[in-house]
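S.K.: sharing a model that was predicted from the sequence below.
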Amino acid sequence: MIALIVAYAKNRIIGENGRIPWNIPGEQKRFRKLTTGNVIVMGRKTYEEIGRPLPNRITIVVSGTKNFDGENCYTVGSLDDAIALAKDKFSQKDIFISGGARLYEETLRRAENGDRDFFSFRMYITEIETEITGDTSFPLFDEKKYKKEIVEHIEGDIPYTYVTYTLLC
């Protein structure tokens, strides 16, 4: 399975100055649960924000300018290369596209245009129920092409909702 995983604010903001513009206790619990033991694919800026491969995951960084290799960490030049590496070397694991904006945009375009790599495509989205200032946003997608499932709503100072979108075939 190839999936996209993201958290965004009501105004679709996902980042500011190369960082996640919020710190909400517990918000990343779903990310950890879904991606642990699997493959995460991210762009260079997203990887640099984190600063290291995440534990108990295979990390594939898409970059044309830098090389990030190490234990459970690989660098490739494109989303196609990332998918090919994951399918070839880690075929029993799910693939999660985890940022940034350009990878999200390319992933959505390919999934919604019927690319066969994205046959059973899902999006795991954390919808943060406030507007946040930022300079990077999640691209629009055609909600009519997906089945939407509200998984869990979490109350708090800043409430959020875990939503799963499954691409309709």
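M.R.: Nice, I can see it.
S.K.: show the pLDDT at the spatially most central residue of the chain.
M.R.: Residue closest to the average C-alpha location in the chain (CA atoms, centre = their mean): Ser98, at 2.3 Å. In this model, Ser98 is scored at 97, pLDDT.
S.K.: tell me how far it lies from Glu131.
M.R.: Ser98 sits 23 Å away from Glu131, taking CB to CB, to the nearest Å as the criterion. For the C-beta atoms, the positions are set from N, CA and C on the backbone; glycine is no exception.
S.K.: one more: Tyr146?
M.R.: Going from Tyr146 to Glu131 by CB to CB gives 23 Å.
S.K.: confirm that Ile14 sits in a strand.
M.R.: Yes. When DSSP: H, G, I helix; E, B strand; the rest coil is applied, Ile14 is found to be in a strand.
S.K.: quick one, what contacts it?
M.R.: Contacts were defined as CB atoms under 8 Å, 6 or more residues apart in numbering; by that measure Ile14 touches 6-8, 20, 99-101, 104, 134, 136-138.
S.K.: now do the SS call for Thr46.
M.R.: helix.
S.K.: what sits against it?
M.R.: 98-100, 103.
S.K.: helices of the chain, start to end?
M.R.: Applying DSSP state H to the chain gives helices spanning 29-35, 44-50, 79-89, 101-112.
S.K.: now for the last one, which elements pack on it?
M.R.: It stands for helix 101-112. The helices and strands touching helix 101-112, judged by 3 or more CB pairs under 8 Å, 6 or more residues apart in numbering; DSSP states H and E, are strand 2-9, strand 13-15, strand 39-43, helix 79-89, strand 95-97.
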